[in-house]
Structures are given as C-alpha cells and as structure tokens.
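Peer 1: pasting the sequence and the predicted coordinates here, then a few questions.
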Amino acid sequence: MSSKIIDPLSLDESAGDSENTLSVSVWEHGARSQPQIPLKVLKGHAGGLTSCHFCFNDTKMLTSSQDKTAIIWDADSCSKQRVFEGGHQSTISECALVPGKNSIITVSWDKSMICWDVETGQRLWQSSHAGLLTSCSVSADEKLVVCAADTENALYISDANTGQKIHHITDHHRSIVTRCRFDSQGQHVASVSADRTVRLWDLLAQKTTISINSNHSNVVSNCCFTSGGRLLCTASWDKTLRLWDVQTGGFRSGGGLTLSKGHAGCVSSCCFSSDDRLLVSGSYDRTAILWDMNTHCHTLTLKGHGDWVTDVSISTDRKWVASASKDCTVRLWNIECSEEIPEIIEKRRDQGMGFHVIKCEECGKPFSVSRLETTDLLTKCVFCRLKSPNSYRPIC
C-alpha cells in the first residue's frame, strides 16, 4: 500500500501510479500538512469505465467498461476478484448484480445481455436483442431484469433466471432510452431519454402510467429512485439534476425541484444514499458532487479524474463515494470526515448564495451553510443531522 500527494480539488491531477493504491490527499501549508480526503484508485480496465456499483455489503465493487469486460474488485485491497470477459464483442454499457443468485447481468452495444456466475465467471445464459443495449436494472425481488435498446426506443423486461423475454415495450420514447431503473417495490420501471421525457411503466397494468415532460433543456442521461420510491432524480446534459415526486404525483402541480449551480458540465449520473439523505452526481466536467437532501445544496465537490466521470455510487454506510471515469479508473473517496477540512469548506462557495462557516453544536467541527438559511435553526453538521434526522427539517 503506497501513499502519494494528491490535490482532490485539482482537475489536472493524474490518475496515480500504475498499480492500485490507497492515496491520502494532503495540502501543504508551510511546514504543516493538513489531511484531506483519503482515496483509493482502482486500475485494471483497458478502456473507459461505463458503470460502477458497491455490492456485497460494500466489501466489493462491480464495474463495466468499454474494454468489453466487467470486474468485481475487493474494495479494501483494490485487487481484482473476478474478471468477466470473452462474452461481449463491444462496449459493456452497464452491469447489475443479482446478489441472491450470486450472478451479474451485463448489457452491451453488441445487442446482447449476458448473465454470469460470480464464483466461476461462466455464462449462465445469453439473450439477443434488436438494438444496441444502453442500460439494465434488476428488480428488488431479483425475478426480473429490464434493459433498454436503441432500436424502436424500446424496453425489454426478461426473466432474470433464464433471460426469456416477458415484455417488449416498443416506441416507449421518441428518441434513444439512456437509462432504465426499477423502483424499490418492483412495480414500476422508470426510463429517461434523449427526448427529454421521463416515463414510468407499470408492470401490473402493463402500460405507461406516468409521462413527464422534464423541462430539461438537453438529453436526460440518467435517473435513480430513493429507497422508498417516492422521489425520482433525473440527471441531464443541461448541467442540472431534478427531483420528481412520482409517488404522490406532486410534480403535476409543482413540477420538479431543480438542483443547479453544482456542475460545470453535462451531468452523467446520479445515486441516492441508502437513507435518502445524500445524493451523489457525476459529470463530464470530471467531478463528482455530494448534495444534502435536507437543504438541496451541494456540500462537497470531488475532483481528480483526468476525463469524464461516467457513473457514481455511494456505500450503504455513506463513508465512501465511488466515481467511474473515461480515464479507465475508479476512485473510491472516503467522505466520512470531509466536513473537518477547512480548505474544502472554503471552496464551497456558490456565486448566487454564498456560504459561511459555523461550528456544529454537537461535534464541534466546522461546516458551511448558505447565507440564505436561518442559521439559528441549522446548528448541526450534516453527519450529526443524519444521526438524529428528526431534529432537522428543511427551511422553506
């Protein structure tokens, strides 16, 4: 295990050494070094990364790549545990874990979907489709898998055990489907598209029950549900994210809530924490950003990739953020103590609002807060608020 000096706020920082390393970022202030965000760099793919997911209780990382392979990594040692190769003839656009069956699903631009055995790396089944496959998602009960195809802007819902097609939903969008996701109840499949719309297909009714004109001004690139399925977040090439209350239908009267003034480039990806208190997003500006869902403000920007960030994930315990990049690496950022870093707090300045620093009344550590917020009500840092969520309410 080696250590090197990396500035997490520098876009020009190289990806690291040729081996997978645990790197501890530091700032130099005269004779005194201030600790920054510890990170691990996973290297081993020969092409740009397309997806990343924490799995197996955050002990492993599952990734896919343009190099036609998927890899399961040990998150602690950064070593490869299993490489899935030889099945696809083109870019693997996304992968998904089926933990109860100890298998993974990969979809590719070669128009095929493959189910692999995690232990042996062997193919369990393979199915072919009419177009390039752009996304996949497995239902919570692990019985179904959905994938999106560019031909007919379609969704395919298949049996996760056999790959047999159950539903073929054609012309679901007017343009290519960029992402599809099951909700936590396995009742709806959300899909987003280059046509800038959001649609939810109901498995029981077997029809589209919600269709939203997102008002994003560019391609909607990604989406994710909160754990209860109430909110759907959409990411867009217009540099923003939006939150939609799809469970109560609140978006019909109030529209979606826009999260902006975070990324300087197209937003490629988004992921909620398991408790829905944090949202992490990735962008073509080579950064990943953390958003506090209590305040709907971004709290931390992670910089260091040498190319586009294509996907993001956050560990169940909220201690680690993973960012996959076109630079062929995955970075695991330890955000557990991020609010202790004065230099990063000073970087959190929004031109429209502005932030100032106050001390948390519970742990005594400094944190930043919007000048538009009532600070006599907001007296605890985000991590202390997460420990006692009922003690804090959004300020309207």
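Peer 2: Everything's here; your move. Numbering: from 1, shown residues only.
Peer 1: please pull out the lowest mean pLDDT helix or strand from this structure.
Peer 2: Least confident helix or strand, the chain: strand 21-29 with a mean of 35, by mean pLDDT, DSSP states H and E.
Peer 1: which residues of the chain score low on pLDDT?
Peer 2: Counting by pLDDT under 70, the chain shows low-confidence ranges at 1-35, 339-359, 366-379, 382, 386-396.
Peer 1: this structure: helices as residue ranges?
Peer 2: Using DSSP state H, the helices of the chain run over residues 251-254, 342-347, 382-387.
Peer 1: would you map the strands across the stretch 51-200 of the chain?
Peer 2: With DSSP state E, counting those that start in this stretch as the criterion, the stretch 51-200 of the chain has strands at 60-65, 70-74, 80-84, 92-98, 103-108, 112-117, 123-128, 133-138, 144-149, 154-159, 165-169, 177-182, 188-193, 197-202.
Peer 1: tell me which of the ones you listed lies nearest to Cys266.
Peer 2: strand 177-182 (11.6 Å; C-beta to C-beta). Where C-beta positions appear, they are placed from N, C-alpha and C, glycine not excepted.
Peer 1: what's the closest one packed up against?
Peer 2: strand 133-138, strand 144-149, strand 154-159, strand 188-193, strand 220-225 (3 or more C-beta pairs under 8 Å, 6 or more residues apart in numbering; DSSP states H and E).
Peer 1: between strand 144-149 and it, find me the angle.
Peer 2: 170 degrees (axes from the mean of the first three to the mean of the last three C-alpha atoms, to 10 degrees).
Peer 1: who's in contact with strand 177-182?
Peer 2: With contact meaning C-beta atoms under 8 Å, 6 or more residues apart in numbering, strand 177-182 is reached by 134-140, 144, 146-150, 153-155, 188-194, 219-225.
Peer 1: next, count neighbours for Gly256.
Peer 2: 23 (other C-beta atoms under 10 Å).
Peer 1: got a list of what the residue nearest to it when sequence neighbours are not counted touches?
Peer 2: Excluding the flanking residues, the one nearest Gly256 by C-beta to C-beta, 6 or more residues apart in numbering is Arg242, at 3.9 Å. Arg242 makes contact with Ser214, Asn215, His216, Cys233, Thr234, Ser236, Gly256, Leu257, Thr258, Leu259, according to C-beta under 8 Å, 6+ apart.
Peer 1: for the third one, give its distance to Cys78.
Peer 2: As judged by C-beta to C-beta, to the nearest Å, His216 and Cys78 stand 36 Å apart.
Peer 1: and the two? Which one has more around it.
Peer 2: His216 (24 against 20).
Peer 1: which one is that one nearest to, not counting chain neighbours?
Peer 2: Using C-beta to C-beta, 6+ apart, the nearest residue to His216 is Ser236, at 4.0 Å.
Peer 1: wouldn't the one you found be in contact with Asn215 here?
Peer 2: No - using C-beta atoms under 8 Å, Ser236 is not in contact with Asn215; the gap is 9.7 Å.
Peer 1: now do the phi/psi pair for the residue nearest to Asp67 when sequence neighbours are not counted.
Peer 2: Excluding the flanking residues, the one nearest Asp67 by C-beta to C-beta, 6+ apart is Gly47, at 3.5 Å. Dihedral pair for Gly47: phi -140, psi 170, per degrees, to the nearest 10.
Peer 1: assess the claim that Gly47 and Ile71 are in contact.
Peer 2: No - using C-beta under 8 Å, Gly47 makes no contact with Ile71, being 11.7 Å away.
Peer 1: give me the more crowded residue out of the two.
Peer 2: For Gly47 versus Ile71, neighbours defined as other C-beta under 10 Å are more numerous around Ile71 (24 against 15).
Peer 1: identify the bridge partners of the residue nearest to Gly256.
Peer 2: Note on Arg242: beta-bridge partners Thr234, Thr258, judged by DSSP bridges.
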